[in-house]
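In: sequence isn't available, so here's the structure alone:
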């Protein structure tokens, strides 16, 4: 019964996204169906086969190695903090971001990551029949993050039509950056994080194709390649990466502290008005229908609905910190659905990041397309997270 409910949930989410589309007749259902089939096959391979489990284990081991390398540097500067039996979130999850960003930038500098993005993006474009730039962008977001990926294609964004610019804004809501994966792995199971990553990438394409469908001719279907003269020398690149990393650590830490404190203050005010009322309880009611459509029931559905609301209103770190210690006591299906939903940047603050990036890269007239369509970005972000969680849920019981 719960499996059937999970299947119905996928249909309901796609149906709601379709109802939100202003150009329903232009939706290319062939590409949508191909992407869905591809997602089912990828999820089955990763979660239901020995080879897939082996691949996930190896990728997780690689990121564990990256984190251990980062810990060497952190221990040198903060030996007493890292010597504790229970290392604080700031040191265990956030500080490794500095090294991981640097590592990925080194791969980009030598063309290794660029080559990988090009090949995978080409495959997705060929399979789905969707434009090359959108396909490449979805892969770039997976490794680089939304703002970094937008910066990479900034030259081409400047000549795109507004309708197509909106597609990139919509897709940007569903990103995940490779530099953040280490932080996720310190809180939640690796296999669901790595299952969510390719699904979010494909679902960003899928939902953008429903919410903002359009045709791209051959002349427009090109991918911008930065000229060699734009590349800095090696040591300038890695030094800049480290500075970018520490700024990201400070921003994330500030947001987590601020949002947790803000949530506590709101709960205090709500408690005065109505005894026992909290923002988590409000969210659990609002999002509970979608939690039930994930194939959850009872307390689990209400708890996951609460996490969904926390992520949307704050960020995924706050929600992951909440579920971290509860994972051993929750059913596998609940953990799979919850962790997959949480593994992306889809929240209110991400809208601000996207708008700010568009404003810094493009003219006020062109960047205004984001401000006019904030609801589409939010629908896309929530829709991608729900769809990824429901697909993963089908394979974990």
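Out: Here it is on my side, so go on. All values reported here derive from a predicted model rather than from experimental measurement.

In: show me the contacts for the residue nearest the centre of the chain.
Out: For the chain, residue 344 is the residue whose C-alpha lies nearest the centre (C-alpha atoms, centre = their mean; 2.2 Å). Each residue near residue 344 by C-beta atoms under 8 Å, 6 or more residues apart in numbering is listed here: 173-176, 196, 200, 316, 381, 384-385, 388. (Each C-beta comes from the backbone N, C-alpha and C, glycine too.)

In: tell me which of these is nearest to residue 66?
Out: residue 176 (15.7 Å; C-beta to C-beta).

In: and that closest one, how far from residue 333?
Out: 22 Å (C-beta to C-beta, to the nearest Å).

In: select the longest helix from the chain.
Out: Across the chain, the helix with the greatest residue count (assigned by DSSP state H) is helix 234-273.

In: ok, and for that one, which residues are buried?
Out: Within helix 234-273, the residues scored as buried using 16 or more other C-beta atoms under 10 Å are 238, 241, 244-245, 248-249, 252-253, 255-256, 259-260, 263, 267, 270.

In: what is the nearest of those to residue 311?
Out: Residue 311 lies nearest to residue 259 out of the buried residues of helix 234-273, by C-beta to C-beta, at 10.6 Å.

In: separation between that closest one and residue 348?
Out: Counting by C-beta to C-beta, the gap from residue 259 to residue 348 is 10 Å.

In: between those two, which contacts overlap?
Out: Here residue 259 and residue 348 share the contacting residues residue 313, scored by C-beta under 8 Å, 6+ apart.

In: mind checking which helix or strand residue 378 is in?
Out: Element membership for residue 378 (DSSP states H and E) is helix 374-393.

In: check which helices and strands that helix sits against.
Out: Under the contact criterion of 3 or more C-beta pairs under 8 Å, 6 or more residues apart in numbering; DSSP states H and E, helix 374-393 touches helix 2-20, helix 29-48, helix 162-172, helix 190-211, helix 298-313, helix 332-342, helix 348-361.

In: switch to 7 Å and redo it
Out: helix 2-20, helix 29-48, helix 162-172, helix 190-211, helix 332-342, helix 348-361 (3 or more C-beta pairs under 7 Å, 6 or more residues apart in numbering; DSSP states H and E).

In: okay, now the unreliable bits of this structure?
Out: Within the chain, the ranges that satisfy pLDDT under 70 run 148, 152, 155, 178-179, 217-231.

In: could you pull out the helices for the stretch 1-150 of the chain?
Out: 2-20, 29-48, 50-77, 79-82, 89, 96-109, 112-128, 132-144, 146-152 (DSSP state H, counting those that start in this stretch).

In: can those helices go into TSV with extra columns for mean neighbour count and distance to residue 168?
Out: As requested, the helices of the stretch 1-150 of the chain are exported to TSV (neighbours: other C-beta atoms under 10 Å; distance: least, C-beta to C-beta, whole Å):
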stretch	mean neighbour count	distance to residue 168
helix 2-20	16	18
helix 29-48	16	17
helix 50-77	14	27
helix 79-82	12	40
helix 89	18	32
helix 96-109	21	20
helix 112-128	17	14
helix 132-144	25	6
helix 146-152	22	7
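
In: residue 375: which of those helices is closest?
Out: Residue 375 lies closest to helix 2-20 among the helices of the stretch 1-150 of the chain, at 8.2 Å (C-beta to C-beta).

In: which outside residues touch the closest one?
Out: The contact list for helix 2-20, computed with C-beta atoms under 7 Å, 6 or more residues apart in numbering, reads 24, 207, 210-211, 292-295, 297, 379, 383, 386-387, 390-391, 393-394.

In: ok and that helix relative to helix 29-48, angle-wise?
Out: Put simply, helix 2-20 runs at 150 degrees to helix 29-48, going by axes from the mean of the first three to the mean of the last three C-alpha atoms, to 10 degrees.

In: so how far is helix 2-20 from its chain's centroid?
Out: 20 Å (C-alpha atoms, centre = their mean, to the nearest Å).

In: from residue 86, how far out is residue 325?
Out: Computed as C-beta to C-beta, the residue 325 to residue 86 distance reads 12 Å.

In: who has more neighbours out of the two?
Out: Neighbour totals were compared for residue 325 and residue 86, and residue 325 leads with 9 against 6 (other C-beta atoms under 10 Å).

In: backbone phi and psi for the more buried one, please?
Out: Dihedral pair for residue 325: phi -80, psi -10, per degrees, to the nearest 10.

In: residue contacts, residue 255?
Out: Going by C-beta under 7 Å, 6+ apart, residue 255 touches 315, 349.

In: mind running it again at 10 Å?
Out: By C-beta atoms under 10 Å, 6 or more residues apart in numbering, the contact set of residue 255 is 314-315, 317-318, 347, 349.

In: export the residues you listed as a markdown table, with columns for distance to residue 82.
Out: Below are the contacts of residue 255 laid out as a markdown table (distance: C-beta to C-beta, whole Å):
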| residue | distance to residue 82 |
| --- | --- |
| 314 | 27 |
| 315 | 25 |
| 317 | 20 |
| 318 | 24 |
| 347 | 30 |
| 349 | 30 |
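
In: which of those residues has the most neighbours?
Out: residue 347 (25 neighbours).
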